[in-house]
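Participant: Requesting a structural model of the entry that follows:
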Amino acid sequence: MWFSTFATPGAAQAACSASSFSSQERTLPVSVTVLSCASTRIRRASTSASRRSASTILLFTSVGEMCGLTVIWFDTPRLMTDQRAEQFTKMVRELQPNCLINGRLGGKGDYRSTGDNRIPDQVVPGVWEVPATINHTWGYKSYDHDWKPPSEVVFKLVDIVSKGGNYLLNVGPMADGVIPQPSVDVLRKVGQWLKVNGEAIYGAGPTPFGQEFGKLSETQKNQQGQPIFEQAKDWRATTKPGKLYIHLFTWQKEFALDDVKGKVTKAVLLADPTTTLKFAQTGGKLVVQLPGKAPGELATVLRLEVSGMN
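Facilitator: Numbers count the residues shown, from 1 in each chain. Below you'll find the predicted structure:
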């Protein structure tokens, strides 16, 4: 999970590498975002595919060496051609060979980006991310107070990771670089959840199942006449070698799971790892007995240790 900021000039000064760059082009600009140090989105600017300004070189060399650029995030490349995209990627590869390039530059990047705030319905192979906002705007708007609650941010994070993706969550600071307090409150709450359950997120792979995501509606259709996907939100699953993590968003006395590959040897809750839970497995059918009350906040993660599971 990466956190990004969509900074104003003042906010950029407060960031770890307060550098910007721009050059004039007669034809078509492309928006660029720099992620450096802790993968922080520093500033949006425009640069040219046809000329390298001195400030552009400075960004990729001196600043890059100082802070260690990790990602160059191109955005809104309207009418981008393969030739233009190749010029951009060539420049990055030459000056910062270890820097990643996102997927909005005509397919020339190292990974794919979905549409803004658009989470796929099912597991998606390959390397990809979902750029998303914490309210309704990428920058700071004094009148936008519709902040996503921590429970929603955690669900989206788990949902994306369980489908094989990365959650690029944007934070829009004010002109002086200060992150709005509601954003801070939400992120701290999510951070507290990750302190307990981070092993089920960081470095985790997608679900081996899929039925937990929901199903196509048998009655409702969209404007194109296609069935609407009805999302289910009871649970999600992530994986690591020999471990299966079940993220529970609704609580019940027991959790039943079909099509489990391998033999479950132990079941614990990450919020209470010293207590071993009782379970029964018959073939691929698993039933785990849960305590009367969920010990975790926002979502409780059940860790299953499974032999024969890669």
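
Participant: now the helices for the stretch 201-310 of the chain?
Facilitator: Read by DSSP state H, counting those that start in this stretch, the stretch 201-310 of the chain holds no helices at all.

Participant: burial measure for the closest residue to residue 164 other than its chain neighbours, as a count.
Facilitator: Excluding the flanking residues, the one nearest residue 164 by Cβ to Cβ, 6 or more residues apart in numbering is residue 206, at 4.0 Å. Just so you know, the C-beta spots here come from the backbone N, C-alpha and C atoms, and that holds for glycine as well. By the measure other Cβ atoms under 10 Å, the count of residues near residue 206 is 20.

Participant: Next up, the contacts around residue 206.
Facilitator: 123, 161, 162, 163, 164, 238, 239 (Cβ atoms under 8 Å, 6 or more residues apart in numbering).

Participant: Run through the residues that contact residue 165.
Facilitator: Contacts of residue 165 by Cβ under 8 Å, 6+ apart are 114, 119, 120, 124, 128, 129, 130.

Participant: let's see it at 6 Å
Facilitator: 128, 129, 130 (Cβ atoms under 6 Å, 6 or more residues apart in numbering).

Participant: on that earlier part again, which of the contacts of residue 206 fall in helices?
Facilitator: 161, 162 (DSSP state H).

Participant: What separation do you get for the residue nearest to residue 164 and residue 289?
Facilitator: According to Cβ to Cβ, to the nearest Å, residue 206 and residue 289 sit 27 Å apart.

Participant: List the buried residues for stretch 96-103?
Facilitator: Neighbour-count burial for stretch 96-103, counted by 16 or more other Cβ atoms under 10 Å, picks out 96, 99, 100, 101, 102, 103.

Participant: Go ahead and produce CSV holding the CA coordinates of the strand or helix carrying residue 70.
Facilitator: If you go by DSSP states H and E, residue 70 is part of strand 69-75. Output of strand 69-75 as CSV, limited to C-alpha atoms (Å, rounded to 0.1, in the frame of the first residue of the first chain):
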residue,chain,number,x,y,z
LEU,A,69,13.3,8.0,-6.8
THR,A,70,11.1,4.9,-6.7
VAL,A,71,8.3,5.7,-9.1
ILE,A,72,7.6,8.3,-11.8
TRP,A,73,3.8,8.4,-12.1
PHE,A,74,2.6,9.7,-15.5
ASP,A,75,-1.0,10.8,-15.7
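
Participant: Give me the neighbour count for residue 72.
Facilitator: 25.

Participant: wait, what's in contact with it?
Facilitator: Here residue 72 is in contact with 92, 99, 101 (Cβ under 6 Å, 6+ apart).

Participant: got those residues as CSV, with distance to residue 227, pLDDT and secondary structure columns?
Facilitator: Formatted as CSV, these follow (distance: Cβ to Cβ, whole Å; pLDDT from 0 to 100; DSSP: H, G, I helix; E, B strand; the rest coil):
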residue, distance to residue 227, pLDDT, secondary structure
92, 41, 88, helix
99, 41, 89, coil
101, 36, 91, strand
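
Participant: quick one: which of those is nearest residue 224?
Facilitator: Nearest to residue 224 out of the contacts of residue 72 is residue 101 (Cβ to Cβ; 32.4 Å).
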